[in-house]
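A.B. asks: next comes the sequence, and after it the predicted model I'd like to discuss.
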Amino acid sequence: MITVNGNQVEWHEGMTIRNILQVMNYSFRMLVIKVDGKLVKKDAYDQTTVPDGAEVHVIHLISGG
Amino acid sequence: MWRNSTVGIAGAGGLGSNIAINLCRAGVGKLIIADFDHIVPNNLNRQQYYHDQIGMLKVEALRSNLLRIGGLSQIQINSSKVSPDNLAQIFSEASIMLEAFDRNEEKAMLLENWSELYPDRYYIGASGLAGVGGNETITTRRFGNVFIIGDGSSELTPGISPVAARVALVAAMQANLALELLLLNDLSYCSGFFPININTRNHR
């Protein structure tokens, strides 16, 4: 299992950031993603795998201020 | 207490001007405020400026308005565009970063770079504040040291600005959380090398 924004999510070997976004149905345009506190850049979502037990933060940013 | 604390405010528009006024009235020791923009007429629907300040640099006008409050906060302004290259130089003293940008690309740039530079310091951002109403939808979400305030969903309609009440609501929640964190954590150490002097603090 991993934790994504506080939700328990089933983990599998080789699970990437892209997989997590699909599982969570996150289709937001502007994201900042951290895995166990470490930033994952946008161009690395497809290659970056997360370990079992990881804590993933997907932060969605919307214009306006 | 927060009289010896320093906080950073990135952006002096609708969020930043309201955050600064709240923290200044609360007497936070030092506010570092950065924005490169000038005041234009359509800023006045939500930003804490006045008609006779149109054309001024926002940070100049904001400092002037904050000094008129007559509080004890030291106000340090910077009219550079905040970027990964100058972030540390502008905000190194700040124990908390308050993100007050308009565009989501800038919000992402700030969050990514602040988290890399200062993973142990707090960050309070805003996301989702367009429109009116929906008081009950505005929440604070926490991701480690990062807090994001807003409804998390309302996108801007092209050509339509955010509205004063909802922007001010989110800004006040950002300021309120910053004060809570300062109080709970005693973050005065970050500004320890700039002792506040009651005779000089308003003259920068």
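C.D. replies: Received, thanks.

A.B. asks: find the nearest non-adjacent residue to A:Glu55, please.
C.D. replies: A:Thr3 (4.8 Å; CB to CB, 6 or more residues apart in numbering or on different chains). In short, each C-beta sits where N, CA and C put it, glycine included.

A.B. asks: who in chain A is up against chain B?
C.D. replies: A:5, A:29-32, A:34, A:37, A:39, A:41, A:57, A:59-65 (CB under 8 Å from any CB of the partner chain).

A.B. asks: select only the buried ones of the residues you listed in ChimeraX?
C.D. replies: Selection of the buried residues among the residues of chain A next to chain B in ChimeraX, burial being defined by 16 or more other CB atoms under 10 Å in any protein chain shown:
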select /A:30,31,32,34,39,57,59,60,61,62,63,64,65
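
A.B. asks: among the residues of chain A next to chain B, which lie within strands?
C.D. replies: Judged by DSSP state E, the residues of chain A next to chain B include A:Leu31, A:Val32, A:Lys34, A:Leu39, A:His57, A:Ile59, A:His60 as members of strands.

A.B. asks: farthest-apart pair in the residues you listed, please.
C.D. replies: A:Leu39 and A:His60 (15.2 Å; CB to CB).

A.B. asks: now the helix or strand hosting B:Glu106, how far from the centre of its chain.
C.D. replies: For B:Glu106, the host element (DSSP states H and E) is helix B:104-117. Average the C-alpha atoms of helix B:104-117, do the same for its chain, and the two points are 14 Å apart (CA atoms, centre = their mean, to the nearest Å).

A.B. asks: would you mark the buried spots in stretch B:38-51?
C.D. replies: Using 16+ other CB under 10 Å as the test for burial, stretch B:38-51 gives B:His38, B:Ile39, B:Asn43, B:Arg46, B:Gln47, B:Gln48, B:Tyr49.

A.B. asks: how about the residues of chain B by chain A?
C.D. replies: Checking chain B against chain A by CB under 8 Å from any CB, the hits are B:11, B:13-16, B:100-105, B:107-108, B:111-112, B:115-116, B:119, B:125-130, B:141, B:143-144, B:146, B:148, B:150, B:152-156, B:162, B:167.

A.B. asks: mind running it again at 7 Å?
C.D. replies: B:11, B:13-15, B:100-105, B:107-108, B:111-112, B:115-116, B:119, B:126-130, B:143-144, B:146, B:148, B:152, B:155-156, B:162, B:167 (CB under 7 Å from any CB of the partner chain).

A.B. asks: PyMOL command for the buried members of those?
C.D. replies: Remark: buried members of the residues of chain B next to chain A, expressed as a PyMOL selection using 16+ other CB under 10 Å:
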select buried, chain B and resi 11+13+14+15+100+101+102+104+107+108+111+112+115+126+127+128+129+130+143+146+148+152+156+162+167
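
A.B. asks: the helix or strand where B:Ala20 lies packs against which elements?
C.D. replies: Secondary structure from DSSP H and E places B:Ala20 in helix B:14-26. On a contact count with 3 or more CB pairs under 7 Å, 6 or more residues apart in numbering or on different chains; DSSP states H and E, helix B:14-26 meets strand B:6-10, strand B:30-34, helix B:58-69, helix B:164-185.

A.B. asks: can you list the weak-confidence ranges in the chain?
C.D. replies: This is for chain A. For chain A, no stretch is flagged by pLDDT under 70.

A.B. asks: my bad, chain B
C.D. replies: Applying pLDDT under 70 to chain B flags residues B:186-204.
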